[in-house]
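**Q** Let me see the structure of the following:
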Amino acid sequence: MFAVKPTLVGERVTLRPVGPDDLDGLVELVEDEEGARLTGSHASGWSREALREWYSTRGAVEDRLDLAVVADGEYVGEVVLNKLDTDNLSCNLRIALVGPRAFGRGYGTEALRLTVDHAFRSTTLHRIGLEVYNFNERARHVYKKVGFVEEGVLRDALLWEGQWYDAVVMSVLRPDWKPLP
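**A** Okay, the predicted model is just below:
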């Protein structure tokens with residue numbers, strides 16, 4: 001479903017297929033402690049070579065779409081459609097930005113709009129879902145602004161530094177999506 005890896009151009013960001021040239025940005029992304037907390041990413045210790053291998057293989061994978069978020073010619077994060085369920089025409093969405101230099105500039109909002117618009121225009125997907133931790137108010141606000149609706153809560157879904165946090169389940173459905181002009 002995601003065999004074609006597009007380049008999507010907005011006013012603030014360009015989304016393009018990730019590749020080995022994005023390695024430095026990916027290293028910054030996975031080493032960012034606040035980003036790890038916001039996304040609930042416990043995995044650490046990725047080697048540069050493992051990360052290079054990961055990004056070098058994304059173009060050949062047809063059941064997911066991995067796009068670099070680029071602003072002013074600089075990698076500022078990634079947006080991914082994954083966990084494709086072709087039987088139910090749904091997938092998961094995740095986004096990660098590289099910390100304070102990328103926050104509060106509208107990059108995430110535009111990247112999400114471009115990605116969701118592309119998915120609904122170029123595939124038969126009906127539902128794009130995600131989970132966001134209840135302490136990540138900034139992300140929840142952006143997801144709602146883009147058109148995602150809160151569906152429910154997964155209680156105590158994340159254990160972080162000895163404390164439990166809920167995950168809020170959100171989605172946007174094709175019939176509810178307002179296409180970009």
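**Q** can you tell me which helix in the chain is longest?
**A** helix 107-122 (DSSP state H).
**Q** tilt between the helix or strand following that helix and helix 107-122?
**A** Per DSSP states H and E, the first helix or strand lying C-terminal to helix 107-122 is strand 127-133. Orientation check (axes from the mean of the first three to the mean of the last three Cα atoms, to 10 degrees): strand 127-133 against helix 107-122 gives 160 degrees.
**Q** Buried ones in the longest helix of the chain, by neighbour count?
**A** Neighbour-count burial for helix 107-122 flags 107-120 (criterion: 16 or more other Cβ atoms under 10 Å). The way it works is simple: take the backbone N, C-alpha and C, and place the C-beta from them, glycine included.
**Q** pull the CA atoms of it into PDB?
**A** The C-alpha coordinates for helix 107-122 follow below in PDB (Å, rounded to 0.1, in the frame of the first residue of the first chain):
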ATOM      1  CA  TYR A 107       6.400  21.600  11.900                       C
ATOM      2  CA  GLY A 108       4.500  18.800  13.500                       C
ATOM      3  CA  THR A 109       1.000  20.200  12.600                       C
ATOM      4  CA  GLU A 110       2.000  20.600   9.000                       C
ATOM      5  CA  ALA A 111       3.800  17.300   8.800                       C
ATOM      6  CA  LEU A 112       0.700  15.500  10.200                       C
ATOM      7  CA  ARG A 113      -1.700  17.300   7.800                       C
ATOM      8  CA  LEU A 114       0.400  16.500   4.800                       C
ATOM      9  CA  THR A 115       0.800  12.800   5.800                       C
ATOM     10  CA  VAL A 116      -2.900  12.200   6.600                       C
ATOM     11  CA  ASP A 117      -3.900  14.000   3.400                       C
ATOM     12  CA  HIS A 118      -1.500  11.900   1.300                       C
ATOM     13  CA  ALA A 119      -2.700   8.700   3.000                       C
ATOM     14  CA  PHE A 120      -6.400   9.400   2.300                       C
ATOM     15  CA  ARG A 121      -5.800  10.600  -1.200                       C
ATOM     16  CA  SER A 122      -3.400   7.900  -2.400                       C
END
